[in-house]
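> fold the following, please.
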Amino acid sequence: PFGLKRFGRERFPEQYPATVDDFDVASVEADDKEMAALRPLLKNTNLEERAVYLTYSANNNGWSAEAFHNAVDRKGGALVVCTTTSGQV
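Below is the predicted model of the structure:
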């Protein structure tokens, strides 16, 4: 059938807002301990079932915007995790 009925939440969940109350999601085989802890935050996003890996680290790559974009541009969807000087994520 033509029309918008074929574009439902079941077929394209990544087209709908991320959940705020359902965090039951399986980890992906490539997940390390840290990523497994973050995986529930990706529920109903296009990253929910994809392997996610560290592409940029300010400590390793440099703290400039140029260094950030050199590492992440043209890599697809991203999850940015920041830690404060007091250790909060």
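
> tell me how far the residue nearest the centre of the chain lies from Glu29.
With distances taken as C-alpha atoms, centre = their mean, the residue of the chain nearest its centroid is Leu79 (3.9 Å). Distance check for Leu79 against Glu29: by C-beta to C-beta, to the nearest Å, it reads 18 Å. Heads up, the C-betas are built off the backbone N, CA and C, glycines and all.

> same check on Leu54?
Separation of Leu54 from Glu29 (C-beta to C-beta): 17 Å.

> give me the more crowded residue out of those two.
Ranked by neighbour count (other C-beta atoms under 10 Å), Leu54 and Glu29 place Leu54 first, with 11 against 6.

> and the pLDDT at the more buried one?
Looking at Leu54, its pLDDT stands at 88.

> please renumber so the chain begins at 9
Got it, first residue is 9 now, which makes that one Leu62.

> what ranges does the chain have for its helices?
Using DSSP state H, the helices of the chain run over 41-46, 66-69, 73-80.

> redo these as a markdown table? Include mean pLDDT.
Output for these, formatted as a markdown table (pLDDT from 0 to 100):
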| stretch | mean pLDDT |
| --- | --- |
| helix 41-46 | 83 |
| helix 66-69 | 94 |
| helix 73-80 | 96 |
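
> does the residue nearest to the centre of the chain touch Arg47 like I think?
No. Using C-beta atoms under 8 Å, Leu87 is not in contact with Arg47, being 9.8 Å away.
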